[in-house]
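Enquirer: Sharing a model that was predicted from the sequence below.
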Amino acid sequence: MDAGRDSDGPFPRVVTLAAGTLLVAVAVSVLACGGGSSVAASGSTGSTRSAGNVHLEHLFGVQPGPRLFDATDGATIANTGIGTVRIGFGWLFAQPRPGPFIWNRLDAEVAALAASGIQVVPQLGGASKPTTAPVESSTQRKAWKAFVTAAVERYGPGGDFWRPVAHGPSPFHTRCGCVAPAVPITEWQVWNEPNLTNYYTPEPSPAAYAQLLKITHSAIRKADPNAEVVLGGLSDGGRREHDIGAIGFLKRLYRIHGSKSTFDAAAIHPYARGVSGTRSVIKAIRAVMRHRHDEHTPLWVTEIGWGSAPPNGFGTTKGIRGQRRIVERSMKMFLHERKRWHLQRVYWFFWRDPSKSGAVGQLPCRICYSAGLLHSNREPKPAYRAFKRVASRAP
């Protein structure tokens with residue numbers, strides 16, 4: 001998009017990181033958290049899509065920004081009326097090298113949120129080559145499925161993280177130092193923006209992503225037959241040579257036999273200059289879904305946001321008061337259209353701004369420096385108050 005363009009359409013997110021560094025940042029920031037029953041050893045591989053009621057109690061959520069959530073964040077989020085967050089679950093964090101899984105980093109963030117009753121939705125991401133989907137060889141596919149299975153068996157219903165150990169509390173209660181009930185993970189998102197080259201290398205491929213989706217869906221459902229699988233959020237913001245628009249990518253994905261049964265919710269990142277542009281992107285996605293007789297499948301907005309930095313020529317930052325206004329307008333639109341669009345979740349990008357020191361030139365988008373609802377010191381912005389007001393009144 002040209003800097004001077006005034007139309008209210010989707011805008012590109014300018015990526016400044018190298019591919020490897022990018023997904024690490026995304027996995028931390030997004031992207032790329034009770035039950036007494038045992039985790040099942042096997043289960044149905046069919047879809048459990050529901051045409052029932054939208055989960056209004058968890059309609060609005062947030063994601064962390066370029067830092068992990070901590071216990072203070074968890075308590076503040078819960079006080080805001082938010083019941084769900086989306087966080088990065090990078091394979092790299094759990095298994096930085098071949099060998100046993102190391103869950104310390106993910107344990108800490110999941111515990112900090114669950115202690116306040118916050119439901120985590122993990123965005124599953126890559127490993128040593130963070131943006132390369134592990135589908136090129138049988139060895140890669142096997143290793144990826146092992147990671148996914150282990151994650152579900154640890155954090156899903158009845159998972160190891162929630163179960164007491166011999167003569168002691170569960171890892172969750174040890175981590176949080178609390179007596180809060182378990183909040184197992186029941187929804188898993190597969191990858192982030194697989195239609196953009198910055199997140200899917202060497203280049204986006206609906207066929208390759210369909211393969212990744214199939215093997216991930218299979219692994220998740222074998223570990224937890226009742227889990228829901230969420231499509232990787234599609235973004236229309238790319239401008240690189242091999243990027244595929246969200247609409248075109250979804251159309252091509254639907255044409256692949258069996259792909260429709262491998263996800264329970266579609267996901268979109270409808271970034272735009274303003275609310276009407278966001279509305280246009282969502283309506284176009286829903287039109288594709290209707291055309292493919294998939295209109296009853298829920299839609300998630302797994303990223304949406306605008307920055308509070310002074311307005312720029314790209315429409316991505318709105319100033320401190322402008323951010324508040326667009327939070328109010330966009331959230332009211334999502335509430336008004338939630339049933340028509342079968343909208344199940346909306347996640348604000350981000351929760352808290354990065355610290356000013358050391359952040360310049362290291363984050364993947366223009367809005368990353370000021371999209372938070374809180375300043376880096378946790379002081380609420382006017383946008384936070386608007387978000388809390390609407391979220392707390394959601395029926």
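Expert: Structure's in. What do you need?
Enquirer: Thr317 reaches Ser370, doesn't it?
Expert: Yes: contact between Thr317 and Ser370 holds when scored by C-beta atoms under 8 Å: they sit 6.1 Å apart. Quick note: C-beta positions are derived from backbone N, CA and C, even for glycine.
Enquirer: Next, show the common contact partners of the two.
Expert: Shared contacts of Thr317 and Ser370, defined by C-beta atoms under 8 Å, 6 or more residues apart in numbering, comprise Gly307, Ser308, Ala309, Gln323.
Enquirer: could you dump those residues to JSON lines with pLDDT, secondary structure and distance to Leu106?
Expert: Shown next, in JSON lines, are those (pLDDT from 0 to 100; DSSP: H, G, I helix; E, B strand; the rest coil; distance: C-beta to C-beta, whole Å):
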{"residue": "Gly307", "pLDDT": "97", "secondary structure": "strand", "distance to Leu106": "28"}
{"residue": "Ser308", "pLDDT": "97", "secondary structure": "coil", "distance to Leu106": "30"}
{"residue": "Ala309", "pLDDT": "96", "secondary structure": "coil", "distance to Leu106": "31"}
{"residue": "Gln323", "pLDDT": "98", "secondary structure": "helix", "distance to Leu106": "30"}
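Enquirer: and which of those residues is nearest to Leu59?
Expert: Closest to Leu59 out of the shared contacts of Thr317 and Ser370 is Gln323 (20.1 Å), distances taken as C-beta to C-beta.
Enquirer: mind listing what Phe69 touches?
Expert: Taking C-beta under 8 Å, 6+ apart, we find Phe69 in contact with Cys33, Ile77, Val85, Ile87, Glu109, Ala112, Leu113, Trp351.
Enquirer: same thing but at 6 Å, please
Expert: Taking C-beta atoms under 6 Å, 6 or more residues apart in numbering, we find Phe69 in contact with Glu109, Ala112, Leu113.
Enquirer: ok, now how distant is Cys178 from Lys356?
Expert: Between Cys178 and Lys356 the distance is 33 Å, computed by C-beta to C-beta, to the nearest Å.
Enquirer: These two: who's more crowded?
Expert: Neighbour count, other C-beta atoms under 10 Å: between Cys178 and Lys356, Cys178 has more, with 15 against 11.
Enquirer: Looks to me like the more buried one is in a helix.
Expert: No: counting by DSSP: H, G, I helix; E, B strand; the rest coil, Cys178 falls outside a helix, being coil.
Enquirer: How about it: what's its closest non-neighbour residue?
Expert: Leaving aside its chain neighbours, Cys178 sits nearest to Ala115 (4.9 Å; criterion: C-beta to C-beta, 6 or more residues apart in numbering).
Enquirer: Tell me, how many residues neighbour that neighbour?
Expert: Counted with other C-beta under 10 Å, Ala115 comes out at 22.
Enquirer: Next one, pLDDT for Leu22 please.
Expert: On the pLDDT scale, Leu22 is placed at 35.
Enquirer: Go ahead and name everything in contact with stretch 300-318.
Expert: So stretch 300-318 is contacted by 3-4, 11, 86, 230, 233, 265, 267-269, 273, 319-320, 323, 326, 344-349, 366-367, 370-371, 381 (C-beta under 6 Å, 6+ apart).
Enquirer: wait, doesn't the residue nearest to Cys178 sit right on Ala182?
Expert: No: between Ala115 and Ala182 there is no contact under C-beta atoms under 6 Å: 10.5 Å.
Enquirer: circling back: the shared contacts of Thr317 and Ser370 into TSV, with extra columns for neighbour count and distance to Arg286?
Expert: Converted to TSV, the shared contacts of Thr317 and Ser370 look like this (neighbours: other C-beta atoms under 10 Å; distance: C-beta to C-beta, whole Å):
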residue	neighbour count	distance to Arg286
Gly307	26	27
Ser308	25	30
Ala309	19	32
Gln323	27	27
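Enquirer: Just put the residues you listed in CSV and tack on distance to Gly65.
Expert: Listed next are those as CSV, based on distance: C-beta to C-beta, whole Å:
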residue, distance to Gly65
Gly307, 12
Ser308, 13
Ala309, 14
Gln323, 14
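Enquirer: picking up where we left off before, so for Thr317 and Ser370, which sits in the more crowded spot?
Expert: Ser370 (24 against 21).
Enquirer: Next up, the contacts around that one.
Expert: Counted by C-beta under 6 Å, 6+ apart, Ser370 has contacts Gly307, Ser308, Ala309, Asp353.
Enquirer: got a pLDDT number for it?
Expert: So Ser370 comes in at 95 (pLDDT).
Enquirer: if I look at it, how far off is Ser308?
Expert: 5 Å.
Enquirer: next one: Arg86
Expert: Taking C-beta to C-beta as the measure, Arg86 falls 21 Å from Ser308.
Enquirer: those strands in the stretch 101-250 of the chain, which residues are they?
Expert: For the stretch 101-250 of the chain, the strands defined by DSSP state E, counting those that start in this stretch occupy 119-125, 187-190, 228-230, 234-235.
Enquirer: wait, Pro71 sits on Ala112?
Expert: For the record, residue 71 is Ala, not Pro. Yes: contact criterion C-beta under 6 Å: Ala71 and Ala112 qualify, at 4.6 Å.
Enquirer: hey, where'd the helices end up in the stretch 151-300 of the chain?
Expert: Remark: helices assigned in the stretch 151-300 of the chain by DSSP state H, counting those that start in this stretch are 171-176, 206-223, 246-254, 275-291.
Enquirer: can you put those helices in CSV and add mean neighbour count, mean pLDDT and distance to Ile102?
Expert: What follows is the helices of the stretch 151-300 of the chain, written out as CSV (neighbours: other C-beta atoms under 10 Å; pLDDT from 0 to 100; distance: least, C-beta to C-beta, whole Å):
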stretch, mean neighbour count, mean pLDDT, distance to Ile102
helix 171-176, 20, 97, 13
helix 206-223, 21, 97, 19
helix 246-254, 20, 97, 33
helix 275-291, 18, 97, 37
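Enquirer: Quick check, pLDDT for Thr80.
Expert: 93.
Enquirer: Just list the residues touching it, thanks.
Expert: Lys388.
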